[in-house]
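>>> My questions are about this predicted structure, shown below with the sequence.
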Amino acid sequence: MSQHKLTSTARRLGHVALLAVGLASAVSLAAEPDKKTMRTWKAKCASCHGADGKAQTDQGKKMHTQDMTTAEWQKSFTDEEIKKAILEGVNREKDGVKQEMEGYKDALKPEQVDALVKYMRTLGPAS
Ligand code: HEC
């Protein structure tokens, strides 16, 4: 192998290694949502939506709360709509079942709401 070929192979390997490091840190970021937001989710949301977002809780089942972990659910709401639901709550009747969630406008800071939207995205199948 010529000197030139060797150097370019080495350089290419270097790029691959860098890429791998970059991917690994991106993956660990996605897999580890910040702990504070997880705590907020567990304290304020999980009683209905479940820690895992599947809503398999007494309250969640009673109100026919949807499983947030499905691609369908993730697709059916924009970030803006999720944010609006958190701020203003939900109060409707679906198939004769009352669906009620209080609004968190006063209880959560805007950055907490944004972090929750991001967190809910990590519950979906893409993460
Ligand atoms: C008292 C039970 C309860 C709690 C607590 C609760 N929710 Fe909900 N939430 C519901 C119900 C019921 C619905 C409507 C049914 C559905 O769409 O799954 C809903 C719907 C939603 C939706 C979808 C909006 C829509 O129009 O369906 C989002 C987003 C959401 N909740 C986020 C949150 C977040 C974030 C928290 C915590 C800060 C939270 N919820 C706490 C009961 C609750």
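Done, it's in. For clarity, every value in this text was computed on a predicted model and none was experimentally measured.

>>> mind saving the C-alpha coords of stretch 36-52 as CSV?
This file holds the C-alpha atoms of stretch 36-52, laid out as CSV (Å, rounded to 0.1, in the frame of the first residue of the first chain):
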residue,chain,number,x,y,z
LYS,A,36,-36.2,16.9,37.1
THR,A,37,-38.7,16.6,34.3
MET,A,38,-39.1,12.9,35.0
ARG,A,39,-39.8,13.8,38.6
THR,A,40,-42.4,16.4,37.5
TRP,A,41,-44.0,13.8,35.2
LYS,A,42,-44.2,11.2,38.0
ALA,A,43,-45.5,13.7,40.5
LYS,A,44,-48.1,15.5,38.4
CYS,A,45,-49.0,13.4,35.4
ALA,A,46,-48.3,9.7,36.1
SER,A,47,-51.4,9.2,38.4
CYS,A,48,-53.5,9.3,35.2
HIS,A,49,-51.0,8.8,32.3
GLY,A,50,-48.8,6.3,34.0
ALA,A,51,-45.1,6.6,34.6
ASP,A,52,-44.6,5.0,31.1
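
>>> where does Q99 land in three-state SS?
strand (DSSP: H, G, I helix; E, B strand; the rest coil).

>>> residue contacts, it?
Residues in contact with Q99, defined by Cβ atoms under 8 Å, 6 or more residues apart in numbering, are 63-65, 90-93. Glycine gets a C-beta too; all of them are placed from N, C-alpha and C.

>>> Check the contact between W41 and K118; I expect there is one.
No - contact criterion Cβ atoms under 8 Å: W41 and K118 do not qualify, at 10.9 Å.

>>> Between the two, point out the one with more neighbours.
Shown here are W41 and K118; by other Cβ atoms under 10 Å, W41 has more neighbours (20 against 13).

>>> hang on, the earlier thing: turn the contacts of Q99 into a markdown table, columns for secondary structure.
Formatted as a markdown table, those follow (three-state DSSP):
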| residue | secondary structure |
| --- | --- |
| M63 | coil |
| H64 | coil |
| T65 | coil |
| V90 | strand |
| N91 | strand |
| R92 | strand |
| E93 | strand |
